[in-house]
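Undergrad: make a model of this:
(one chain, ligands or ions: 1)
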Amino acid sequence: MRHLSSPYGAIEVIPCGDPALLSILEIDATLDVFRSPDAQFAALLSIALDADGCVCFARLGHRLIGYATFHPPDAIERWSQGVVPGIVELGAIETSRLHRGRHLARHLLGAAVQTGRFEDKILIATLYQWHFDLDGTNLTAHAYRKLLERLYGSVGFEIMKTDDPEIMYYPGNSLMARIGARASSALKTEFDRLRWLETGRPR
Ligand SMILES: CC(C)(COP(=O)(O)OP(=O)(O)OC[C@H]1O[C@@H](n2cnc3c(N)ncnc32)[C@H](O)[C@@H]1OP(=O)(O)O)[C@@H](O)C(=O)NCCC(=O)NCCS
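TA: Reported below is the predicted structural model:
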């Protein structure tokens with residue numbers, strides 16, 4: 001657990017937190033970028049209750065002010081089609097608008113990887129332009145993507161090339177991955193195969 005200070009009081013960052021602890025919190029009304037706060041709270045609880053899921057969250061008293069989710073890739077995505085288990089998706093990260101720009105997101109990611117539970121895994125993050133909060137930040141899509149690349153890079157994610165049409169056809173999109181220090185070579189090879197499903201790995 002990490003303790004941070006803020007102008008609003010002490011913040012606790014809880015890595016892969018207990019669903020019971022999460023369930024008693026009240027979600028901040030500005031955590032609404034992906035869906036309504038109530039619907040997002042329900043989605044977070046279901047990920048936290050899943051044995052393969054992890055929700056790293058930040059609380060200020062009884063208020064949930066930020067989260068990062070980790071779960072198996074969605075069944076419709078190519079990343080779920082591997083035969084070697086071990087690919088985990090950083091699904092979403094969001095912080096309250098009141099608390100942005102104070103490295104809360106960095107702490108959420110840092111606390112999650114510090115648990116060590118992803119060291120034998122490959123973490124992936126798909127950066128889709130249509131998820132960017134451009135209105136809330138006044139950034140261009142390019143600047144927003146760079147922000148996310150720096151943020152994810154702070155815990156070891158790197159930009160990865162792929163022939164996934166959803167990613168390559170939109171210049172604002174990108175794929176990032178963090179290869180765990182103990183990821184097996186079979187898992188790395190499988191990830192490479194999945195990156196180049198359409199065209200085969202370039203030589
Ligand atoms: C992206 C997001 C999670 C960042 O949260 P945050 O708590 O403000 O992030 P941090 O304070 O840890 O900042 C991370 C980096 O982004 C930069 N940054 C954050 N907000 C910024 C802004 N509005 N303009 C420019 N840079 C900004 C920070 O300076 C920092 O960079 P640095 O470490 O080089 O200084 C937050 O803006 C958010 O919830 N956005 C909506 C949801 C979203 O887009 N999620 C990502 C896709 S799933």
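
Undergrad: which non-adjacent residue is nearest the spatially most central residue of the chain?
TA: Nearest residue to the geometric centre of the chain (C-alpha atoms, centre = their mean): Leu90, 3.0 Å. Closest residue to Leu90 apart from its sequence neighbours, by C-beta to C-beta, 6 or more residues apart in numbering: Ala125 at 4.3 Å. In this view, the C-beta of every residue, glycine as well, is placed from N, C-alpha and C.

Undergrad: look up how far the ligand lies from the one you found.
TA: Counting by C-beta to the nearest ligand atom, to the nearest Å, the gap between Ala125 and the ligand amounts to 7 Å.

Undergrad: again, but for Tyr128
TA: 8 Å.

Undergrad: which secondary structure elements does the helix or strand of the chain with the lowest mean pLDDT sit against?
TA: In the chain, no helix or strand scores lower on mean pLDDT, DSSP states H and E than helix 134-137, which sits at a mean of 85. If you count contacts as 3 or more C-beta pairs under 8 Å, 6 or more residues apart in numbering; DSSP states H and E, helix 134-137 packs onto helix 141-153.

Undergrad: tell me the first helix or strand C-terminal of the helix it packs on.
TA: Downstream of helix 141-153, the first helix or strand assigned by DSSP states H and E is strand 158-160.
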